[in-house]
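1. fold the following.
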Amino acid sequence: MKLPLQVTFRNMDSSAALEANIREKAMKLDQFCDQIMSCHVIVEALHKHHHQGNLFHVRVDITVPDEELVVSRNPSEHHAHEDVYVAVRDAFDAARRQLQDYNAKRQQQVKTHEPESHGRIVRLIPMEDYGVIETPDGREIYFHRNSVINAEFDKLEEGAEVRFHEESGDQGPQASTVKVEGKHHVVG
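-> Residues are numbered from 1 along each chain as shown. All right, here's what the predicted structure looks like:
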């Protein structure tokens, strides 16, 4: 971290033990991103109804090149946030995930999806819950009834145009998802 960590307590007394816990968690963030310029953590006690304990709101603002990452843990969504240490832990876990996503984007390691392949159903074996797709280059791709995602397997017809994601299976190529093409789709 290029600038010192800032910790702010609102509607509560500051706590040396809690601040030490926050500082330890903030230092660990450097393991996930070495580009952190600053980090500001705000811990706020929200006074709710008297029949409940205090709920804690934790906000973590992290500045990195070209972006500000903000994590805000709302206690209304998390009853466990009656424990300030749990609220801090959850906020830092979310901050870690945001930093990992930020790094992946910066390093262009964001997962790219393979384009869907297309073909037509050439065989259906309903008694054994599978069918076969033929690709334009003549390959045959196995698919199971559970791979069909936008139609009912029992209503499929041979010759139907489909789009699918191919993967390697135990017996050769297979389709992990199969989408039947509608009249509004153009198969190219």
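2. would you map out the domains in this protein?
-> 6-106, 117-180 (automatic domain parsing).
3. can you list the strands that the helix or strand bottoming out on mean pLDDT in the chain pairs with?
-> Least confident helix or strand of the chain, by mean pLDDT, DSSP states H and E, is strand 67-73 with a mean of 85. Applying DSSP bridges, strand 67-73 is found paired with strand 55-64 (antiparallel).
4. wait, isn't residue 162 in contact with residue 119?
-> Yes - Residue 162 is within contact range of residue 119, at 6.1 Å (criterion: Cβ atoms under 8 Å). Every C-beta, even on glycine, is put in place using the N, C-alpha and C of the backbone.
5. between the two, which contacts overlap?
-> residue 133 (Cβ atoms under 8 Å, 6 or more residues apart in numbering).
6. which of the two has more neighbours?
-> residue 162 (27 against 24; other Cβ atoms under 10 Å).
7. residues touching that one, list them.
-> Applying Cβ under 8 Å, 6+ apart, we find residue 162 in contact with 118-121, 133, 175, 178-181.
8. buried ones in the host helix or strand of it, by neighbour count?
-> Using DSSP states H and E, residue 162 sits within strand 161-169. Using 16 or more other Cβ atoms under 10 Å as the test for burial, strand 161-169 gives 161-166.
9. from residue 18, how far off is residue 56?
-> From residue 56 across to residue 18, the span is 10 Å (Cβ to Cβ, to the nearest Å).
10. neighbour count winner among the two?
-> residue 56 (25 against 18).
11. contacts only, for residue 38.
-> Residue 38 makes contact with 1-3, 6, 61-63, according to Cβ under 8 Å, 6+ apart.
12. between those, which is closest to residue 24?
-> Using Cβ to Cβ, residue 1 comes nearest to residue 24 of the contacts of residue 38, at 13.0 Å.
13. isn't the closest one right next to residue 26, touching?
-> Yes - the pair residue 1 / residue 26 is scored as a contact, 7.2 Å apart, by Cβ under 8 Å.
14. can you pull out the helices in the chain?
-> For the chain, the helices defined by DSSP state H cover 16-29, 84-106.
15. quick revisit: any residues in contact with both of residue 56 and residue 18?
-> With Cβ under 8 Å, 6+ apart, residue 56 and residue 18 have common neighbours 43, 84, 88.
16. just give the nearest non-adjacent residue to the second one, would you?
-> In space, residue 84 comes closest to residue 56 once its chain neighbours are excluded; the distance is 4.6 Å by Cβ to Cβ, 6 or more residues apart in numbering.
17. residue contacts, the one you found?
-> Listed by Cβ under 8 Å, 6+ apart, the contact partners of residue 56 are 43-46, 75, 81-84, 87-88.
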